[in-house]
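Undergrad: following is a predicted model, sequence given first.
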Amino acid sequence: MTKAEQGLRGSGLTKEQKEVYLKTVRDVLENMTEGAVDRFDQVVVRFEFYTDTRALTKVGNSLRKIPLDDPTGIQGMWDGSGRVLHLDGPGKVDDAQSIYAHEFSHVLDWPNHKLSSTPEWGALWKEEIANNVVALSDYANAAPSEGFAEFGRLVFSNKTIAGQTAREHAKSLYPRAYRFWEDKGLLPQVVVKKPSGVKGQILKEAFNDKLDVAKVHIDMWDKRAIRPSTPKTKKK
Ligand SMILES: [Zn+2]
């Protein structure tokens, strides 16, 4: 039995919900290389699944000093201390697979942002992600570690955009980031058939605020969070 299945056993979810959650986990893992799946399995100790976002937010709020106005604000959490993933199901700001992909990418970056804190990622994040006319997302521009997890949200999704896979877009728009993941054995090689025609932003915004408290990373959508829109450097 996988750890995800173990987590579902004591979750109080219905049979149907369990199937949906498990499929979501599998859909993300299927987009990973074998090496990435192995790494993920080694790092994650436990999954905590919640019936809905309200229940997840309640647990997150117990860690926060200020509870969220919106009782459905917390999208996902990664507890890097106990190595526990806290997840719920559909009905998120973006689809659940997208949220899982973001959190699973934090797992691959464990411990202490070991990949996203490297000078190599820092430099390419700054030049290629945070200053790209085609934004990955606003959230990706917030920090190198969020840029890393948002990149994972793109490449571990099954999204097809304008006839091309998310990975083809990722490689075309952010080639250095793609190569970094490929070098770390987290992504397979991909052949880009034509350049990405996406303009503006590739990912739907799924988070607008984060909090790291006692090694727990909380990704949320807080109505009160006012994040000034990131100025984009136009490249000629
Ligand atoms: Zn995050």
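TA: Arrived safely, thanks for sending.
Undergrad: and the helices in the protein, which stretches?
TA: Along the chain, the segments classed as helices by DSSP state H run 3-9, 15-29, 34-43, 53-63, 96-108, 119-124, 144-155, 166-173, 175-183.
Undergrad: worst average pLDDT in those?
TA: Among the helices of the chain, helix 53-63 carries the lowest mean pLDDT, a mean of 91.
Undergrad: can you pull up the most central residue in this protein?
TA: His102 (0.8 Å; Cα atoms, centre = their mean).
Undergrad: any idea how far that residue lies from Gly147?
TA: 11 Å (Cβ to Cβ, to the nearest Å). The way it works is simple: take the backbone N, C-alpha and C, and place the C-beta from them, glycine included.
Undergrad: repeat for Glu48
TA: 26 Å.
Undergrad: who has more neighbours, the two?
TA: Comparing Glu48 with Gly147 by other Cβ atoms under 10 Å, the one with more neighbours is Gly147, at 26 against 18.
Undergrad: list the contacts for that one?
TA: 116, 125, 129-130, 136, 140-141, 177 (Cβ atoms under 8 Å, 6 or more residues apart in numbering).
Undergrad: CSV for these, including neighbour count?
TA: Below are the contacts of Gly147 laid out as CSV (neighbours: other Cβ atoms under 10 Å):
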residue, neighbour count
Ser116, 23
Trp125, 27
Ile129, 25
Ala130, 19
Leu136, 25
Ala140, 30
Asn141, 23
Ala177, 25
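Undergrad: and the residues you listed near the ion, which?
TA: When the contacts of Gly147 are checked against the ion using Cβ under 5 Å from the ion, none falls in range.
Undergrad: which one of these is nearest Trp78?
TA: Closest to Trp78 out of these is Ser116 (13.1 Å), distances taken as Cβ to Cβ.
Undergrad: dump the residue contacts of the spatially closest residue to the closest one that is not a sequence neighbour.
TA: With Cβ to Cβ, 6 or more residues apart in numbering as the criterion, Ser116 has its nearest non-adjacent residue at 3.8 Å, and that residue is Phe148. By Cβ under 8 Å, 6+ apart, the residues touching Phe148 are 105-106, 109, 113, 115-116, 121, 125.
Undergrad: max pairwise distance over those residues: which two?
TA: It's His106 and Trp125 that sit farthest apart of the contacts of Phe148, by Cβ to Cβ, at 14.9 Å.
Undergrad: returning to what we had before: hang on, the residue nearest to the centre of the chain packs against Gly152?
TA: Yes: His102 is in contact with Gly152 according to Cβ atoms under 8 Å; the separation is 6.3 Å.
Undergrad: send me stretch 163-174 as PDB with only the CA atoms.
TA: The C-alpha trace of stretch 163-174 is given here as PDB (Å, rounded to 0.1, in the frame of the first residue of the first chain):
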ATOM      1  CA  GLY A 163      -2.300  22.000 -28.900                       C
ATOM      2  CA  GLN A 164       1.000  21.700 -26.900                       C
ATOM      3  CA  THR A 165       1.700  20.000 -23.600                       C
ATOM      4  CA  ALA A 166       2.500  22.000 -20.500                       C
ATOM      5  CA  ARG A 167       6.000  20.700 -20.700                       C
ATOM      6  CA  GLU A 168       6.600  21.800 -24.300                       C
ATOM      7  CA  HIS A 169       5.500  25.300 -23.200                       C
ATOM      8  CA  ALA A 170       7.700  25.100 -20.100                       C
ATOM      9  CA  LYS A 171      10.700  24.200 -22.200                       C
ATOM     10  CA  SER A 172      10.000  26.800 -24.800                       C
ATOM     11  CA  LEU A 173       9.300  29.700 -22.400                       C
ATOM     12  CA  TYR A 174      11.800  28.700 -19.600                       C
END
